[in-house]
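Student: need coordinates for the following:
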Amino acid sequence: MIDLKKILSQIPDPEIPVINIVELGIVREAKMVAESEAEIIITPTYSACPAMYNIEEDIIKLFKEMGITAKVITVISPPWTTDWITDEAREKLRVYGITPPEKGADKDHLNKPKPCPRCGSENTKQISRFGSTLCKASYQCNDCLEPFDYFKCH
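Tutor: Below you'll find the model as predicted:
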């Protein structure tokens, strides 16, 4: 039996290379539909996520190297949520310098301080609602003065 999610976990997120697409929670389902054909269902973190094309290509290429044809299907309902990010990936994000959202965060998360991933201080301020990618916002720590990204909750 082929462990498709284990294979897919070899593919890093193109925008955040310290986590893979399975940890990020965008792989919804992966199954063999024939002896040498897989069907992979993915959901973008944002509907306009520019990385989805690269992710689809990476999936097809990886499976082709294994002699398997991969059909990638993108679904947008239900929409992806940051709750699908694994706990391990949240820690990897923090170590990388990106503050991950808390699990189960709701609209109230906008008013909560975002801890600095470097020094842990909650004395931080938002610089911009838009960060280095669509799924992140830019913050700065008022204590250590380091800028950092916050992975937007939704």
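
Student: now the residue sitting furthest away from the middle of the chain. Its backbone dihedrals?
Tutor: Here the centre of the chain is the reference, and by Cα atoms, centre = their mean the most remote residue is residue 35, at 29.9 Å. The phi/psi pair for residue 35 (degrees, to the nearest 10) reads phi -60, psi -40.

Student: gap between it and residue 58?
Tutor: Residue 35 is 23 Å from residue 58, where distance means Cβ to Cβ, to the nearest Å. Every residue, glycine included, has its C-beta placed from N, CA and C.

Student: likewise for residue 37?
Tutor: According to Cβ to Cβ, residue 37 and residue 58 sit 18 Å apart.

Student: which one of these two has more residues nearby?
Tutor: Using other Cβ atoms under 10 Å, the more surrounded residue of residue 37 and residue 58 is residue 58, with 19 against 13.

Student: what packs against the helix or strand the more buried one falls within?
Tutor: According to DSSP states H and E, residue 58 maps onto helix 51-65. Counting contacts by 3 or more Cβ pairs under 8 Å, 6 or more residues apart in numbering; DSSP states H and E, helix 51-65 is packed against helix 4-8, strand 37-42, strand 69-74.

Student: which other residues reach that helix?
Tutor: Helix 51-65 has contacts (Cβ atoms under 8 Å, 6 or more residues apart in numbering) with 7-8, 10-11, 13-15, 21, 26, 38, 40, 42, 44, 69-70, 72, 74, 133.

Student: can you tell me which of those residues are buried?
Tutor: By the neighbour-count criterion of 16 or more other Cβ atoms under 10 Å, the contacts of helix 51-65 include these buried positions: 7-8, 11, 13-15, 21, 26, 38, 40, 42, 44, 70, 72, 74, 133.

Student: that older thread, any idea how far the helix holding residue 58 is from the chain center?
Tutor: 16 Å (Cα atoms, centre = their mean, to the nearest Å).
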